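In: the amino acid sequence is not available; the structure is as follows:
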């Protein structure tokens, strides 16, 4: 299903979910909270949530700048959405980028694992994490995913870290 990209504030989406009208989700057989694949210039995955009922029939997907960057699109461009068909990842390599106000978070691995658990990911995605500073949150870049370029992070997935900065 093709939808037009509209802005959603990062403070609302936090790089975790996108908003889609209920009829569009129903059309692709998904429910709120289910992961969807978003195909723009790039592929990314997001948890879908319902948009405001007044916007259900506008043919739009509301994405924050994190998802727009990961999908390689800008507002006004269109993307295709479909159910995410990903298998559990066995190993994921993450590049951790500390925010300006944050130290290198070697001790934050359990919180990072918790944030990423049950998330569908694609190599190259950037995902913001917990933050002291909302304007410059620390983030992880999905550097590599095994056995495929996409996967679902499960409790048994091995996370390997590359510390940047």
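Out: Cool, the structure landed. The structure displayed is predicted, hence computed values, not measured ones.

In: tell me the pLDDT of the residue of the chain positioned farthest from its centre.
Out: Ranking residues of the chain by C-alpha distance from their mean position (C-alpha atoms, centre = their mean) puts residue 54 at the top, at 24.6 Å. pLDDT, residue 54: 90.

In: tell me the secondary structure for it?
Out: helix (DSSP: H, G, I helix; E, B strand; the rest coil).

In: what about it, distance to residue 60?
Out: 11 Å (C-beta to C-beta, to the nearest Å). To be clear about C-beta, it is placed using only N, CA and C from the backbone, and glycine gets the same treatment.

In: same check on residue 16?
Out: 19 Å.

In: between these two, which one's more packed in?
Out: residue 60 (20 against 16; other C-beta atoms under 10 Å).

In: quick one: what helix or strand has the nearest residue to the more buried one once chain neighbours are set aside in it?
Out: What sits nearest to residue 60 in space, not counting adjacent residues and going by C-beta to C-beta, 6 or more residues apart in numbering, is residue 6, at 4.6 Å. For residue 6, the element it lies in under DSSP states H and E is strand 2-7.

In: and the next element down the chain from that strand?
Out: Following strand 2-7 in sequence, per DSSP H and E, is helix 10-13.

In: quick one: buried residues of that following helix?
Out: Buried residues in helix 10-13, counted by 16 or more other C-beta atoms under 10 Å: 10, 13.

In: what residues does stretch 51-67 touch?
Out: 2-10, 12-15, 18-24, 38, 44, 46, 50, 71, 73, 79, 81, 126-128 (C-beta atoms under 8 Å, 6 or more residues apart in numbering).

In: measure it end to end?
Out: 16 Å (C-alpha to C-alpha, to the nearest Å).

In: relative to residue 19, how far out is the residue farthest from the centre of the chain?
Out: 12 Å.

In: check residue 121 too.
Out: Applying C-beta to C-beta to residue 121 and residue 19 gives a distance of 20 Å.

In: looking at these two, which one has more neighbours?
Out: residue 121 (26 against 21).
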